[in-house]
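Participant: Got a sequence here, can you build the structure:
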Amino acid sequence: MKNALTLIACAALLSGCGDEPYPSLLPTDRILAEPVLPDHAPAATSPAAVDAEAEARAAALRRRADALRGPVIEPDALARMRPRD
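Facilitator: Numbers count the residues shown, from 1 in each chain. Here you go, the predicted structure:
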């Protein structure tokens, strides 16, 4: 039984080895070429614009993080939750 399963597994693996052509390879000049930005990304062509956008996003995230550092429970709600003496 074990040999039969091994034979079936080998047959299944070998069935994928047909007469398919070998995949075409890219020429080295295309592989080593400098990357080109797509047409829909014109703003990213300027490093200064990319840096300015990244700084603006970082500043917005810092402001958001500062806002989250405040108290989670408002003082009025906290006063209502504390037991009265």
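Participant: Pro23: which element?
Facilitator: Using DSSP states H and E, Pro23 maps to neither a helix nor a strand.
Participant: pLDDT (mean, whole number) over the helix ranked longest in the chain?
Facilitator: In the chain, with assignment by DSSP state H, the single longest helix is helix 47-68. Taken as a whole, helix 47-68 has a mean pLDDT of 92.
Participant: How far away from the center of its chain is it?
Facilitator: Distance, stretch centre to chain centre, for helix 47-68: 19 Å (C-alpha atoms, centre = their mean, to the nearest Å).
Participant: next structured bit after that helix?
Facilitator: Criterion used, DSSP H and E; the element after helix 47-68 is helix 75-81.
Participant: Okay, buried residues for that following helix please.
Facilitator: Within helix 75-81, no residue is scored as buried using 16 or more other C-beta atoms under 10 Å. Backbone N, C-alpha and C define where each C-beta goes, glycine included.
Participant: again with stretch 60-76
Facilitator: Buried residues in stretch 60-76 (16+ other C-beta under 10 Å): none.
Participant: how long is that stretch end to end?
Facilitator: End-to-end span of stretch 60-76 (C-alpha to C-alpha, to the nearest Å): 29 Å.
Participant: Contacts for that stretch, please.
Facilitator: Stretch 60-76 is contacted from outside by Leu78, Met81, using C-beta atoms under 8 Å, 6 or more residues apart in numbering.
Participant: switch to 10 Å and redo it
Facilitator: With contacts defined as C-beta atoms under 10 Å, 6 or more residues apart in numbering, stretch 60-76 is touched by Ala77, Leu78, Ala79, Arg80, Met81.
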